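[1] Here you go, sequence then predicted model.
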Amino acid sequence: MSTPLVADPHRAREGGAERVAVEVAVGVLVRDDGAFLLTSRPVGKAYAGYWEFPGGKVESGESIEQALRRELQEEIGITISSAEPWRVEMVDYPHALVRLNFCKVHAWTGELVMREAQHYAWQQLPVEVHPVLPGTLPVLDWFAQERAYEGATLSGAPRVDSTGANG
């Protein structure tokens, strides 16, 4: 794993330099047509309104897949068949240092129900929804690499990289 992606680098870090990374299970739901699911962060949470892949914190004693299975049921009302571990990315947000364990999910049952009053959108590259959570940006690049997609991964809005520069 490389150096953490630093979100909002000019803001102070809660907990200082000695904070421990929070393990997070993240579901990258992919339909047969290649579209992937993004959900908005609920009101009351850090980065409310930003778009991300669904998931959440890994509880004590849970595996990444167990946490993902629980989180997707709690957040969006689906039951996954399996989760394919994909990539891990460390992101240093002002409010938390997180280790995002991205898993691809190709099969699930149930209808999407946004249980935290969030929104959802099936997307292709370039992504049409904005703003996108900084920890989501690497996934868009990974999709572009896998799909031999050339061009901006975000439509319309300028991308802000980990240094705060437009890209």
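    Ah, there it is.
[2] need the helices for the protein, in chain order.
    In the chain, the segments counted as helices under DSSP state H are 64-76, 137-146.
[3] Pull the residues that contact the longest one.
    It stands for helix 64-76. Applying C-beta atoms under 8 Å, 6 or more residues apart in numbering, the external contacts of helix 64-76 come out as 23, 25-27, 39, 54-59, 62, 78-80, 82-83, 85, 101, 103, 105, 108, 112-116, 118, 120. Just so you know, the C-beta spots here come from the backbone N, C-alpha and C atoms, and that holds for glycine as well.
[4] Buried deepest among the helices of the chain, which one?
    Across these, averaging neighbours per residue (mean count of other C-beta atoms under 10 Å) puts helix 64-76 on top, at a mean of 20.
[5] and that one, how far out from the chain's middle?
    13 Å (C-alpha atoms, centre = their mean, to the nearest Å).
[6] same check, this time on stretch 83-103
    8 Å.
[7] Pull out the buried residues from it.
    Within stretch 83-103, the residues scored as buried using 16 or more other C-beta atoms under 10 Å are 83, 89-94, 96-103.
[8] what about it, start to end distance?
    For stretch 83-103, the first and last residues are 6 Å from each other (C-alpha to C-alpha, to the nearest Å).
[9] Most widely separated two among the buried residues of stretch 83-103?
    83 and 94 (28.7 Å; C-beta to C-beta).
[10] Pull out the CA atoms of stretch 120-135 and give them to me as CSV.
    What follows is stretch 120-135 as a C-alpha-only set of coordinates in CSV (Å, rounded to 0.1, in the frame of the first residue of the first chain):
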residue,chain,number,x,y,z
TYR,A,120,-28.2,6.4,-5.2
ALA,A,121,-27.1,6.5,-8.8
TRP,A,122,-25.9,3.8,-11.2
GLN,A,123,-22.9,5.3,-13.0
GLN,A,124,-20.5,4.7,-15.8
LEU,A,125,-17.3,6.6,-16.6
PRO,A,126,-17.3,9.6,-16.6
VAL,A,127,-19.2,9.9,-13.4
GLU,A,128,-22.1,12.4,-13.6
VAL,A,129,-22.8,12.9,-9.9
HIS,A,130,-20.9,15.5,-7.8
PRO,A,131,-19.2,16.0,-5.4
VAL,A,132,-17.4,12.7,-5.2
LEU,A,133,-15.7,11.7,-1.9
PRO,A,134,-11.9,11.8,-2.1
GLY,A,135,-11.6,8.1,-1.2
